[in-house]
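Visitor: What follows is a predicted protein model with its sequence.
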Amino acid sequence: MYVTNLHLVDYRSYAEVQVPLHPGVCVFVGSNGQGKTNLVEAVEYLATLSSHRVAADAPLVRSGTERATVRARVQAGVDDSRSLLLELDIVPGRANRAKLNRAPLKRARDLLGALVVVLFSPEDLSVVKGDPSERRRFLDDLLVARWPRFAGIRADYERVLKQRNALLKSLSGRTGRVAGADVAATLDTWDEHLSQLGAELVVARVATLTDLAGHVADAYAAIAPVNNEAGATYVSGSAVVAETPLSRDELAEVLRARMAERRPEEVARGVSLVGPHRDDVLLRIGDLPAKGYASHGESWSLACALRLAAFRLLRADGIEPVLILDDVFAELDHTRRQRLAMGIADAEQVLITAAVAEDVPVELGGRRYRVDSGTVTAEDEVDD
């Protein structure tokens, strides 16, 4: 799939802009602060309903306006003339409104799957060096890209977790037992919901990471000029991942048992201590954990390998995602630039931002766009 036209209204720095796009490589070049990343972020937001730059919607709306609109025409493939028109109204503080082929959708997340992207940016270094939440988000975003229904499961889990934590917080400070049969029964109900949803998330995470692992090793070997092998292993704080994968029902039962076992501690601390929100992904290079041991170059190579692996996994699933590289080449040395370019050359569409055109390997060819003070101008296509 690829985007053929991007139309923004009151999005970030753009009052309105239309950008015709093409399959293959599209490079947005301009000085910092001119709006390059705003363009690719809009494509990302339309595909994922989230941004790699901010957690809230308010910064996405141009100052002085109440809403932003992102609209894109997406073609199924180079050899497939079918197309979809995706539209999203971003209204801070209210539910975003989505349309597909101009027909309103009941929920914005019903748009998920119509456009799939894999985005690599300098922020991805936090997946390697940051907190476990960064690695959980990476994995959860990927499983939603594979199976969009998990957006609902993920949202339901977070809702139940929030409500269960609120109940535990109201009980915190009490020692030992939970007072009152009604409170215990309420906790039992939340335990049931959390364990069922949590088990479904863990099964999908483990399956996705298992499918991803070989791609990570191959991508790292292709990018990094070293002989160490990269790997990724799921780490469960609830001890629910065994050598032989458990079924969803078996995992749910283990989670319920662990919640019952740790209930006094949860009540005392006022927080849920069991579930996939406590899990992590152990990334390693050679025999050592990447976090705390990998050099800056190794960390960059691993972060890049994770995104390339996600791209290749989705392609193996029969999905052709749009690949976005936001200000990435400036962070890489010459060798890694060339190796990355070789790894993405066959993508159906690649959107690249760069402050300096020379940072992008000329071997990629493609079309260049000049971004300057809110205007986007297509330049001549570069020969391969």
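Guide: Okay, I see it. Residues are numbered from 1 along each chain as shown.
Visitor: residues near residue 316, how many?
Guide: A count of neighbours around residue 316, defined by other C-beta atoms under 10 Å, yields 12. (Each C-beta comes from the backbone N, C-alpha and C, glycine too.)
Visitor: pull the CA atoms of stretch 109-121 into CSV?
Guide: Once side chains and other backbone atoms are set aside, the C-alpha atoms of stretch 109-121 remain, and they are given as CSV (Å, rounded to 0.1, in the frame of the first residue of the first chain):
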residue,chain,number,x,y,z
ARG,A,109,-10.1,3.1,16.0
ASP,A,110,-12.3,1.4,13.3
LEU,A,111,-9.9,3.2,10.9
LEU,A,112,-7.0,1.0,12.0
GLY,A,113,-5.8,-1.4,9.4
ALA,A,114,-6.8,0.7,6.4
LEU,A,115,-3.3,2.2,6.4
VAL,A,116,-0.3,0.5,8.1
VAL,A,117,3.0,2.3,8.8
VAL,A,118,6.3,1.4,10.4
LEU,A,119,8.1,4.5,11.6
PHE,A,120,11.7,4.8,12.7
SER,A,121,12.8,8.1,14.4
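Visitor: average model confidence for it?
Guide: When the per-residue pLDDT values of stretch 109-121 are averaged, the result is 94.
Visitor: Over to stretch 27-35?
Guide: 90.
Visitor: buried ones in it?
Guide: Within stretch 27-35, the residues scored as buried using 16 or more other C-beta atoms under 10 Å are 27-30, 34-35.
Visitor: got the contact list for that stretch?
Guide: Contacts made with stretch 27-35 from outside it, assessed by C-beta atoms under 8 Å, 6 or more residues apart in numbering, are listed as 12-14, 36, 39-40, 351-357, 360, 364, 366-374, 376.
Visitor: Now with 6 Å, please.
Guide: 13, 36, 39, 352-355, 357, 360, 366, 368-372, 374 (C-beta atoms under 6 Å, 6 or more residues apart in numbering).
Visitor: And stretch 259-266, by the same measure?
Guide: With contact meaning C-beta under 6 Å, 6+ apart, stretch 259-266 is reached by 168, 176, 191, 273-274.
Visitor: Tell me which entries of these lie within helices.
Guide: When the contacts of stretch 259-266 are checked against helices using DSSP state H, the ones located there are 168, 191.
Visitor: Which one of the contacts of stretch 259-266 is nearest to residue 296?
Guide: In terms of C-beta to C-beta, no member of those lies closer to residue 296 than residue 273, at 34.1 Å.
Visitor: Look up how far residue 134 lies from that closest one.
Guide: Distance from residue 273 to residue 134, counting by C-beta to C-beta, to the nearest Å: 20 Å.
Visitor: Also residue 211?
Guide: The spacing between residue 211 and residue 134, counted by C-beta to C-beta, is 20 Å.
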